[in-house]
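K.L.:
I would like the atomic coordinates for the input below:
(2 chains)
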Amino acid sequence: MSIHQILTNALNNAISALFQQDISPSMIQFQKTRKEFEGDVTLVVFPFVKISKMGPEQTGEAIGNYLKEHVDQVEAFNVVKGFLNLSISNDYWLNFFKEANSNVNFGFQPADSKPRVMVEYASPNTNKPLHLGHLRNIFLGYSVSEILKANGHSVTKVQIINDRGIHICKSMVAWQKFGNGETPESSGLKGDKLVGKYYVIFDKKYKEEQKELIANGATEEEAAQKAPIMMEAQEMLRQWEAKNPEVYKLWETMNAWVYKGFDATYQTMGVDFDKLYYESDTYLLGRDEVRNGLANGHFFQKEDGSIWVDLTDQGLDQKALLRKDGTAMYITQDIGTAILRFRDFPDTAYQIYTVGNEQEYHFKVLFKVLKKLGFEQGENCYHLSYGMVELPEGKMKSREGTVVDADDIMAEMKNVAQEVAEEQGKLEGLSADEKGDVYHHIGMSALKYFLLKVDPTKNMLFNPKESIDFAGNTGPFIQYTYVRTKAISRKFQENFGELKLADIDASILCKLELSLIQKIYDFPNVLNDAAREYNPSLIANYTYELVKEFNSFYHDYPILREENEGLRSFRVTLSSKVGRVVEQGMGLLGISMVERM
RNA sequence: GAUCUCGUAGCUCAGUUGGAUAGAGCAUCUGCCUUCUAAGCAGACGGUCAGGGGUUCGAAUCCCUUCGGGAUCACCA
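P.N.:
Below you'll find the model as predicted:
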């Protein structure tokens, strides 16, 4: 039983014995004792003063005395203002540590012990390469998936690929007109980059044509609609919907280039998916479902033929679901995709959508529509909404060329990792491949940690001029500490053989050792909070605190050089366990650890 | 205009269901490598928690209000 559970039970007895009253769980507030006071666990006594009809000090004394008398693990207490500080016995902490240490998956729930959850992330358009905003999205979605798994959920990782629509037709038109048959092979460009290039060319040409039309007397609106290249793109979209073989073939070819490019990027990122959904496969289903919904009276139709949902009774608006010409909108395909997924994985309790916070309204509508259509899971679906990555000048804008490309930033991180490592010169003896591997993982840890350590819901700032730090509260710092723990284990084995935790007297444990054990004790709660809030930053911050404390310990106390054999084995075990928890924590962020750096 | 969201050290960010003297990193300045990896450790400097009011034993946290950023309010995606 955890010490918090023990104390909670004892406290219930205490209040009933001392004041003849029952208490509600919300009155029990334990917190970690602040460093400046003596003790491990602190009880806030203010909630009890009404019951006790005494001052906070006396109430604290009374409860403290009771707990000390009735709970073996409580060795001493003191009361400061309204705070009851309890000192828990070293024996308790040592026993806890032994138990935690024997479980390599300490803190994790048994796999597949909770309902299936589907997590969607990435979900790119196929007309341009991935950028820094996608990285935040993808790392976030992947990390939340890992966190839910560690909490016992079955998880299906999916994406929706927006492979159809006017945007891809723009790239296709531009390629047809100006591409001269260029391919990824002939140009040496990554497929997604090549297609993105033609998207930019389209945009440039489109702007020129608009300008010309306006110069000839057209209004801005007319110019936007009537520009010849835009009309070509729209015609191509119609041809695509009519399954014109030539257009379809071009579409397939160019999308295939993009997918190959994306796959390379995902691989560098170290993320994957269990199943991919394509908008081109789901938009028609969405259209049918909307029409069914109309037939079943869930929606209504305007005179022009467009189909709408009325959500005014739920505090939202009326919202169009299908255009008057019967073509699908953004939400139409999302309805189709969601329904298809529930059919593919009938045990899915709910879906999590990792999508930027500018689409909060869209998802509110989507979830209510799903419920209207009879999918009760809609009620539990969750929009994992995250803030933008902003540059010092504001938003990233592809038009102004301020987009930070995903491949570029990852390559840069690796380069910086290499520079730092070569300066340090600690990787002698490794092959070039092994070194490259280390650079890659260190660089990625810096990037992932940078993007995941901040609260997902908040906008964050990225300054390309100052490259991401490798010192302080960063991925490499955590890697570094992990490497230290690995080196200790390795050297222990070389010098003393197999590690076996000796029986030691708990009274010899120092404050920092106890503090580290208590930090490990917190891990399951942190993981639980992170899962409940879909918030990887809690894991990042926890791991940072753990690592920081370990470094102090490492600096102040001998570990391998400790002469007392029992204590040495304890310290090496503690170090190794810290390493393991760090590895678990970083794993939850999608960061894989290196053994040397 | 309506709705939502954010505002904490020079910069980037933490800060549990309201709890003790608001914390980290970066930057600047000091110390510490012949000893387990110095990508480290220790210290200094740095705050009207945007402003004002309220709720209470207690407010960065909850409520009201003003100011300032951002987002959403399409038969765009």
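K.L.:
quick one: low-confidence ranges for the stretch 51-200 of chain A?
P.N.:
Across the stretch 51-200 of chain A, nothing is flagged by pLDDT under 70.
K.L.:
need the residues of it near RNA strand B, please.
P.N.:
A:80-83, A:85, A:125, A:162, A:165-167 (C-beta under 7 Å from any atom of the strand). The way it works is simple: take the backbone N, C-alpha and C, and place the C-beta from them, glycine included.
K.L.:
of the residues you listed, closest to A:I559?
P.N.:
Nearest to A:I559 among those is A:N85, at 29.9 Å by C-beta to C-beta.
K.L.:
In CSV, could you pull the C-alpha coordinates for whichever strand or helix holds that closest one?
P.N.:
Element membership for A:N85 (DSSP states H and E) is strand A:83-88. What follows is strand A:83-88 as a C-alpha-only set of coordinates in CSV (Å, rounded to 0.1, in the frame of the first residue of the first chain):
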residue,chain,number,x,y,z
PHE,A,83,0.7,22.6,8.0
LEU,A,84,1.4,19.2,9.6
ASN,A,85,4.7,17.9,8.4
LEU,A,86,5.2,14.1,8.8
SER,A,87,8.5,12.3,8.7
ILE,A,88,8.1,8.9,7.1
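K.L.:
From the contact counts, what lies against that strand?
P.N.:
Identification of packing neighbours for strand A:83-88 by 3 or more C-beta pairs under 8 Å, 6 or more residues apart in numbering; DSSP states H and E yields strand A:41-44, helix A:56-70, strand A:74-80.
K.L.:
need these in a markdown table with mean neighbour count and distance to A:M597, can you?
P.N.:
Shown next, in a markdown table, are the helices and strands packed on strand A:83-88 (neighbours: other C-beta atoms under 10 Å; distance: least, C-beta to C-beta, whole Å):
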| stretch | mean neighbour count | distance to A:M597 |
| --- | --- | --- |
| strand A:41-44 | 20 | 37 |
| helix A:56-70 | 18 | 46 |
| strand A:74-80 | 18 | 41 |
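K.L.:
which of the residues of the stretch 51-200 of chain A next to RNA strand B sit farthest apart?
P.N.:
A:V80 and A:I166 (66.6 Å).
K.L.:
number of nearby residues for the closest residue to RNA strand B within the stretch 451-597 of chain A?
P.N.:
For the stretch 451-597 of chain A, the residue closest to RNA strand B is A:G472, as judged by C-beta to the nearest atom of the strand, at 2.1 Å. Counted with other C-beta atoms under 10 Å, the neighbours of A:G472 add up to 9.
K.L.:
same question, A:T457
P.N.:
Quick note: A:T457 (other C-beta under 10 Å) scores 14 neighbours.
K.L.:
wait, isn't A:F108 in contact with A:L527?
P.N.:
Yes: using C-beta atoms under 8 Å, A:F108 is in contact with A:L527, at 7.4 Å.
K.L.:
Which residue of the two possesses the greater neighbour count?
P.N.:
The residue with more neighbours, out of A:F108 and A:L527, is A:L527; 22 against 17, by other C-beta under 10 Å.
K.L.:
Which strand or helix spans that one?
P.N.:
helix A:511-533.
K.L.:
which of the residues in that helix are buried?
P.N.:
Going by neighbour count (16 or more other C-beta atoms under 10 Å), the buried part of helix A:511-533 is A:512-524, A:526-528, A:530-531.
K.L.:
and if you look at stretch A:373-383?
P.N.:
Buried-residue list, stretch A:373-383, by 16+ other C-beta under 10 Å: A:373, A:375, A:377-378, A:381-383.
K.L.:
do that stretch and RNA strand B meet at all?
P.N.:
No: between stretch A:373-383 and RNA strand B, judged by C-beta under 7 Å from any atom of the strand, nothing touches; the nearest distance is 11.6 Å.
K.L.:
how about that stretch as CSV, C-alpha atoms only?
P.N.:
Provided in CSV are the C-alpha atoms of stretch A:373-383 (Å, rounded to 0.1, in the frame of the first residue of the first chain):
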residue,chain,number,x,y,z
LEU,A,373,-26.0,9.7,-36.3
GLY,A,374,-26.1,7.2,-33.6
PHE,A,375,-22.4,6.9,-32.7
GLU,A,376,-22.4,7.3,-28.9
GLN,A,377,-18.6,7.4,-28.9
GLY,A,378,-18.9,10.9,-30.4
GLU,A,379,-19.7,12.1,-26.9
ASN,A,380,-16.3,10.8,-25.6
CYS,A,381,-14.2,11.9,-28.6
TYR,A,382,-11.6,14.4,-27.7
HIS,A,383,-10.0,17.2,-29.7
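K.L.:
what's the average pLDDT for that stretch?
P.N.:
Across stretch A:373-383, the average pLDDT comes to 92.
K.L.:
again, but for stretch A:563-573
P.N.:
So the average pLDDT for stretch A:563-573 ends up being 96.
K.L.:
Need the residues that contact that stretch.
P.N.:
A:101, A:488-489, A:492, A:496, A:499-504, A:508-509, A:513, A:557-560, A:562 (C-beta atoms under 8 Å, 6 or more residues apart in numbering).
K.L.:
Take these and keep only those in helices.
P.N.:
A:101, A:488-489, A:492, A:496, A:513 (DSSP state H).
K.L.:
Helix or strand: which one has A:I147?
P.N.:
Going by DSSP H and E, A:I147 is in helix A:132-150.
K.L.:
ignore the last one, A:V155
P.N.:
A:V155 belongs to strand A:153-161, assigned by DSSP H and E.
K.L.:
partner strands of that strand, parallel or antiparallel?
P.N.:
strand A:114-120 (parallel), strand A:275-278 (parallel) (DSSP bridges).
K.L.:
And the contacts of that strand?
P.N.:
So strand A:153-161 is contacted by A:111-112, A:114-124, A:126, A:141-142, A:145, A:148-149, A:272-279, A:282, A:333-334, A:337, A:341, A:345, A:347-348, A:531 (C-beta under 8 Å, 6+ apart).
K.L.:
For it, what is the distance to the chain centroid?
P.N.:
In terms of C-alpha atoms, centre = their mean, to the nearest Å, the centre of strand A:153-161 is set 13 Å apart from its chain centre.
K.L.:
Remind me what the next helix or strand after that strand packs against, helices and strands.
P.N.:
Remark: after strand A:153-161, the chain's next helix or strand is helix A:166-178, criterion DSSP H and E. Judged by 3+ C-beta pairs under 8 Å, 6+ apart, helix A:166-178 is in contact with helix A:191-215, helix A:228-241, helix A:245-269.
K.L.:
which helices and strands does the first one pack with?
P.N.:
Using 3+ C-beta pairs under 8 Å, 6+ apart as the contact definition, the elements that helix A:191-215 packs against are helix A:166-178, helix A:184-187, helix A:220-226, helix A:228-241, helix A:245-269.
K.L.:
Counting neighbours, what do you get for the closest residue to RNA strand B within the stretch 151-300 of chain A?
P.N.:
Of all residues in the stretch 151-300 of chain A, A:G165 sits closest to RNA strand B, at 4.5 Å by C-beta to the nearest atom of the strand. Neighbour count for A:G165, taken as other C-beta under 10 Å: 19.
K.L.:
Contacts only, for it.
P.N.:
A:125, A:237, A:279.
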